[in-house]
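Colleague: Here is my input; please provide its structure:
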Amino acid sequence: MATEKPRDERIQAVIEEEQKVDTTIDPQEIGKPNGAQLLSLKCNLYLHKLLDTWALEQEEGGNDILKDTKRGIYPLLVSLRKARLPSDQLVSLATVLYHLQQYESTRDKVHMQRSLESYMKLSLGNVAWPIGVTQVGIHERKIQRQDARNNTATAGIVANVMTDEQTRLWITNVKRLLTHMEQRK
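Modeller: Below is the predicted model:
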């Protein structure tokens, strides 16, 4: 009968394996269904790297924002670790992080702008239009909501990913990471 390694040893083995993983996100990998697990791992490890970098730069008294960010982003890290983030969110997040990596290596503001644009797409989800953009009246919006509910092609699809509190929190905290990276010297 084989005995299982103690938990500490298993965790250490996983950490050692993950240290070998290149966290550079290749744009060719984004959106490939058979590469979702590796992409999830790369996103997870890169987010950990960003949080660790922020912690090293942090002054003694200014840890509240970092602590809140870590707390809010935790559900995302778990979803990425288990490779259970919905594919549309994974693609959007990986795109944000890809451009952030490009910004980090080149300091070219174009990449930060693209990262922020990708973040906006992530935070909006697949919303067809923001409320009030197409028609302003209350009655028009009510009719649009009824049409959207009755449309079988979009049944079951969440238009705005911010409707879930956990998702809203991690998306907001991804923005905090972007802002921190943008303000770094």
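Colleague: What's the mean pLDDT across the helix or strand harbouring E16?
Modeller: Assigned by DSSP states H and E, E16 falls within helix 7-19. Throughout helix 7-19, pLDDT has a mean value of 74.
Colleague: Might one say that V96 is in contact with E117?
Modeller: No: the criterion here is C-beta atoms under 8 Å, and V96 misses it with E117 at 9.0 Å. From N, CA and C alone the C-beta is placed, and that goes for glycine too.
Colleague: So between these two, which is more surrounded?
Modeller: Taking neighbours as other C-beta atoms under 10 Å, V96 and E117 compare with V96 leading, 27 against 13.
Colleague: so what's the more buried one up against?
Modeller: For V96, the residues meeting the contact criterion (C-beta atoms under 8 Å, 6 or more residues apart in numbering) are S115, S118, Y119, L122, V174, L178.
Colleague: Make a ChimeraX selection of whichever of the residues you listed turn out to be buried.
Modeller: Command for ChimeraX that selects the buried part of the contacts of V96, burial taken from 16 or more other C-beta atoms under 10 Å:
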select :115,118,119,122,174,178
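Colleague: Counting only helices, which of the contacts of V96 make the cut?
Modeller: When the contacts of V96 are checked against helices (DSSP state H), the matches are S115, S118, Y119, L122, V174, L178.
Colleague: from those, which single one is nearest Q89?
Modeller: Of all the ones in helices among the contacts of V96, Q89 sits closest to L122, with 6.9 Å by C-beta to C-beta.
Colleague: Excluding covalently adjacent residues, which one is nearest to the closest one?
Modeller: Spatially, and ignoring its direct neighbours in sequence, L122 is nearest to S92 (3.7 Å; C-beta to C-beta, 6 or more residues apart in numbering).
Colleague: close enough to count as contact, the one you found and L124?
Modeller: No: if you go by C-beta under 8 Å, S92 and L124 don't touch, sitting 9.4 Å apart.
Colleague: And the two? Which one has more around it.
Modeller: Between S92 and L124, S92 has the larger neighbour count (other C-beta under 10 Å), namely 25 against 15.
Colleague: quick one: which helix or strand includes the more buried one?
Modeller: Secondary structure (DSSP H and E) places S92 in helix 87-106.
Colleague: so where's the longest helix in the chain?
Modeller: helix 36-57.
Colleague: quick one, that helix and helix 87-106 angle?
Modeller: Here the directions of helix 36-57 and helix 87-106 differ by 50 degrees (axes from the mean of the first three to the mean of the last three C-alpha atoms, to 10 degrees).
Colleague: other SSEs contacting helix 36-57?
Modeller: In this structure, helix 36-57 packs against helix 64-81, helix 87-106, helix 165-183, with contacts taken as 3 or more C-beta pairs under 8 Å, 6 or more residues apart in numbering; DSSP states H and E.
Colleague: Many thanks, have a good one.
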